[in-house]
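> predicted structure and sequence below. I'll ask about it afterward.
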Amino acid sequence: MKITLIQTNPQTDRAANLRGAVDLMTKAIESDRPDLIVLPEYFEYYGGSLADKLAAAEPAPGGAAYETMKGFAERHGVFVHAGSMMERIPGEDRIYNTTVVFDRRGREVARYRKIHMFDIVAPDGTAYKESATVKPGEDIVFYEVDGFKVGCAICYDIRFAELFLELAKGGADVIVLPAAFTLQTGKDHWEVLSRARAIETQTYFAACGQWGAHISSGEKRFTYGHSLVCDPWGHVVGRASDGVGHVTSHIDRTQIERVRAAIPMKAHRRLACV
């Protein structure tokens with residue numbers, strides 16, 4: 001299987017963001033012919049004020065991002081792991097941070113809502129309070145692509161090993177994590193966490209990040225990018241450069257089997273919690 005990660009720099013113009021994403025996805029189809037295309041967290045809309053974010057949330061299905069990705073998957077016969085979208089919740093004053101996955105016929109085959117909320121203070125003192133506008137999800141989610149079982153996570157989820165052990169217990173071969181990692185945390189933690197998640201789960205780990213500057217609540221902020229794919233041994237086998245673009249990697253069933261046979265972690269586990 002071939003997987004392509006699309007690295008974008010979304011702003012608050014949804015139509016422009018979607019045009020840019022589709023253009024990059026089309027180029028990837030023409031050059032690499034992937035089986036699965038992955039977009040970053042909030043590829044459709046990023047930045048603005050909290051009020052802007054709530055107002056911009058769309059229903060799924062029915063919203064522009066949902067329908068654009070559904071149509072692309074159907075036209076090109078490719079699985080699309082549509083990063084994450086701002087999913088409106090009827091009757092709520094918060095939204096879901098939601099991944100939707102479409103199969104080669106444009107059918108929704110998975111929906112994952114981010115579980116862990118990014119409520120932190122960055123090293124420079126910048127405060128992030130995702131839970132002020134986003135309602136956490138609860139479900140662990142998988143889907144199938146051509147015989148590979150794919151597990152879902154989003155951004156800050158990467159720091160919670162228990163989620164990934166549940167994905168491993170559920171039989172994941174590949175784990176996909178769209179993200180909008182901050183520049184400050186990304187430069188120190190992005191690669192090491194991605195490699196750790198691959199090693200401990202003995203899966204391919206595909207982390208697809210936003211890159212570049214945006215304006216959030218009047219402040220200029222930066223996301224890290226450096227989208228990458230790690231193999232089950234923890235090697236980085238694909239990495240995007242700075243800037244918008246894409247990176248494509250092969251997912252090799254033989255490598256998964258080789259690693260799991262060499263270090264049979266599943267057979268060795270002893271703690272009930274894992």
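Sure thing, it's come through. Since we're looking at a predicted model, the values are computed, not measured.
> can you get me a residue count around residue 171?
11 (other C-beta atoms under 10 Å). Heads up, the C-betas are built off the backbone N, CA and C, glycines and all.
> quick one, phi/psi of it?
Dihedral angles of residue 171 (phi, psi; degrees, to the nearest 10) stand at phi 100, psi 20.
> please apply the same query to residue 167.
With angles defined as degrees, to the nearest 10, residue 167 sits at phi -60, psi -40.
> residue 96: which element?
Element membership of residue 96 [criterion: DSSP states H and E] is strand 95-102.
> helices or strands next to that strand in the packing?
helix 64-76, strand 79-88, strand 108-113, strand 148-152 (3 or more C-beta pairs under 8 Å, 6 or more residues apart in numbering; DSSP states H and E).
> format those as CSV; extra columns: mean pLDDT.
Below are those laid out as CSV (pLDDT from 0 to 100):
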stretch, mean pLDDT
helix 64-76, 98
strand 79-88, 97
strand 108-113, 98
strand 148-152, 98
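> point out the most buried one among those.
Mean neighbour count (mean count of other C-beta atoms under 10 Å) peaks for strand 79-88 among the helices and strands packed on strand 95-102, with a mean of 26.
> next, the angle from that strand to strand 108-113.
Angle of strand 79-88 versus strand 108-113, following axes from the mean of the first three to the mean of the last three C-alpha atoms, to 10 degrees, is 50 degrees.
> just the C-alphas of the strand holding residue 96, formatted as CSV.
Taking C-alpha atoms only, strand 95-102 is exported to CSV below (Å, rounded to 0.1, in the frame of the first residue of the first chain):
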residue,chain,number,x,y,z
ILE,A,95,-17.7,21.5,18.3
TYR,A,96,-16.0,18.2,17.6
ASN,A,97,-12.5,18.0,16.1
THR,A,98,-13.4,15.2,13.7
THR,A,99,-11.6,13.0,11.3
VAL,A,100,-13.8,11.5,8.5
VAL,A,101,-12.4,8.8,6.2
PHE,A,102,-13.8,8.0,2.7
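> who touches it?
Residues outside strand 95-102 that contact it (C-beta atoms under 8 Å, 6 or more residues apart in numbering) are 41-42, 53-54, 57, 60, 66, 69-70, 73-74, 79-89, 108-114, 130, 133-135, 137, 141, 143, 150, 152, 154, 178.
> in contact with residue 26, which residues are there?
residue 76.
> name all residues that make contact with residue 166.
Taking C-beta under 8 Å, 6+ apart, we find residue 166 in contact with residue 140.
> make that residue 36, sorry
Residues in contact with residue 36 (C-beta under 8 Å, 6+ apart) are 1-4, 78-81, 145, 150.
> in this protein, which residue is closest to the centre?
Residue closest to the average C-alpha location in the chain (C-alpha atoms, centre = their mean): residue 178, at 1.5 Å.
> show me the shaky parts of the stretch 1-150 of the chain.
Counting by pLDDT under 70, the stretch 1-150 of the chain shows no low-confidence range.
> need the contacts of residue 36 in a markdown table with distance to residue 259, can you?
Shown next, in a markdown table, are the contacts of residue 36 (distance: C-beta to C-beta, whole Å):
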| residue | distance to residue 259 |
| --- | --- |
| 1 | 17 |
| 2 | 20 |
| 3 | 18 |
| 4 | 23 |
| 78 | 27 |
| 79 | 24 |
| 80 | 28 |
| 81 | 23 |
| 145 | 20 |
| 150 | 17 |
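> tell me the contacts of residue 216?
For residue 216, the contacting residues are 46-49, by C-beta under 8 Å, 6+ apart.
> what ranges do the helices span in the stretch 151-274 of the chain?
161-169, 183-201, 253-262, 265-268 (DSSP state H, counting those that start in this stretch).
> circling back: switch the contacts of residue 216 over to JSON lines; also include neighbour count.
Converted to JSON lines, those look like this (neighbours: other C-beta atoms under 10 Å):
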{"residue": "46", "neighbour count": "25"}
{"residue": "47", "neighbour count": "19"}
{"residue": "48", "neighbour count": "18"}
{"residue": "49", "neighbour count": "13"}
